[in-house]
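K.L.:
need a 3D model of the sequence below.
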Amino acid sequence: MEETTLYSKKIITRNKAFFLDLKENPNGKFLKITESNGEKRSFIFMPEEGLKEFCESIQEILQDHFTS
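P.N.:
This next block holds a predicted model:
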(Lines give C-alpha, C1' and ligand atoms only; values in the text may rest on other atoms or scores of the structure.)
Protein backbone atom coordinates (compact mmCIF):
# COMPACT_ATOMS: atom_id res chain seq x y z
CA MET A 1 0.00 0.00 0.00
CA GLU A 2 1.48 3.33 -1.03
CA GLU A 3 2.14 5.89 1.72
CA THR A 4 2.84 9.62 1.53
CA THR A 5 4.76 11.39 4.30
CA LEU A 6 3.06 14.68 5.22
CA TYR A 7 5.34 15.68 8.13
CA SER A 8 8.43 14.25 9.78
CA LYS A 9 10.28 15.13 12.99
CA LYS A 10 13.30 13.50 14.66
CA ILE A 11 13.85 13.74 18.42
CA ILE A 12 17.17 12.68 19.96
CA THR A 13 17.42 11.71 23.62
CA ARG A 14 20.36 10.28 25.61
CA ASN A 15 20.59 6.96 23.82
CA LYS A 16 17.54 6.79 21.57
CA ALA A 17 16.05 8.50 18.57
CA PHE A 18 12.34 8.97 18.04
CA PHE A 19 10.78 9.68 14.66
CA LEU A 20 7.31 11.20 14.37
CA ASP A 21 5.94 10.74 10.88
CA LEU A 22 2.50 11.89 9.83
CA LYS A 23 1.59 9.71 6.87
CA GLU A 24 -1.33 9.13 4.58
CA ASN A 25 -2.42 6.11 2.56
CA PRO A 26 -5.72 5.12 0.90
CA ASN A 27 -7.12 4.24 4.35
CA GLY A 28 -6.47 7.77 5.72
CA LYS A 29 -3.95 9.68 7.81
CA PHE A 30 -1.99 8.19 10.70
CA LEU A 31 0.95 8.96 12.96
CA LYS A 32 3.84 6.52 12.91
CA ILE A 33 6.10 6.76 15.97
CA THR A 34 9.42 4.97 15.67
CA GLU A 35 11.80 4.36 18.58
CA SER A 36 15.36 3.40 17.66
CA ASN A 37 18.39 2.67 19.81
CA GLY A 38 20.64 2.04 16.81
CA GLU A 39 20.21 -1.72 16.92
CA LYS A 40 16.48 -2.22 17.30
CA ARG A 41 13.42 -0.33 16.11
CA SER A 42 9.90 -0.35 17.51
CA PHE A 43 6.83 1.19 15.91
CA ILE A 44 3.48 2.53 17.05
CA PHE A 45 0.76 3.50 14.59
CA MET A 46 -2.00 5.89 15.70
CA PRO A 47 -4.91 6.41 13.30
CA GLU A 48 -6.17 9.92 12.66
CA GLU A 49 -9.29 9.47 14.76
CA GLY A 50 -7.18 8.86 17.90
CA LEU A 51 -4.65 11.68 17.44
CA LYS A 52 -6.58 14.45 19.19
CA GLU A 53 -7.13 12.37 22.35
CA PHE A 54 -3.51 11.17 22.22
CA CYS A 55 -2.22 14.77 22.07
CA GLU A 56 -4.58 15.91 24.83
CA SER A 57 -3.31 13.09 27.04
CA ILE A 58 0.31 14.08 26.41
CA GLN A 59 -0.55 17.70 27.29
CA GLU A 60 -2.17 16.55 30.56
CA ILE A 61 0.92 14.54 31.46
CA LEU A 62 3.18 17.53 30.74
CA GLN A 63 1.01 19.95 32.72
CA ASP A 64 0.49 17.64 35.70
CA HIS A 65 3.95 16.13 36.03
CA PHE A 66 6.50 18.38 34.32
CA THR A 67 5.72 21.93 35.46
CA SER A 68 8.42 24.00 37.11
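
K.L.:
wait, is Gly60 part of a strand?
P.N.:
One thing to correct before we go on: residue 60 is Glu, not Gly. No - Glu60: not assigned to a strand; according to DSSP: H, G, I helix; E, B strand; the rest coil it is helix.

K.L.:
list the contacts of it.
P.N.:
Contacts for Glu60 (CB atoms under 8 Å, 6 or more residues apart in numbering) come out as none. C-betas here are computed from N, CA, C, even on glycine.

K.L.:
counting neighbours, what do you get for the closest residue to Phe43 other than its chain neighbours?
P.N.:
For Phe43, ignoring the flanking residues on the chain, the nearest one in space by CB to CB, 6 or more residues apart in numbering is Thr34 at 5.4 Å. Thr34 has 14 neighbours, counted by other CB atoms under 10 Å.

K.L.:
helices and strands around the host helix or strand of Thr34, which ones?
P.N.:
Assigned by DSSP states H and E, Thr34 belongs to strand 28-36. Helices and strands touching strand 28-36, as assessed by 3 or more CB pairs under 8 Å, 6 or more residues apart in numbering; DSSP states H and E, comprise strand 17-25, strand 41-47, helix 48-65.

K.L.:
what angle sits between the last one and strand 28-36?
P.N.:
I take that to be helix 48-65. Following axes from the mean of the first three to the mean of the last three CA atoms, to 10 degrees, one obtains 50 degrees for the angle between helix 48-65 and strand 28-36.

K.L.:
quick one, helix 48-65 and strand 17-25 angle?
P.N.:
150 degrees.

K.L.:
centre of the chain to helix 48-65, how far?
P.N.:
Between the centre of helix 48-65 and the centre of its chain there are 12 Å (CA atoms, centre = their mean, to the nearest Å).
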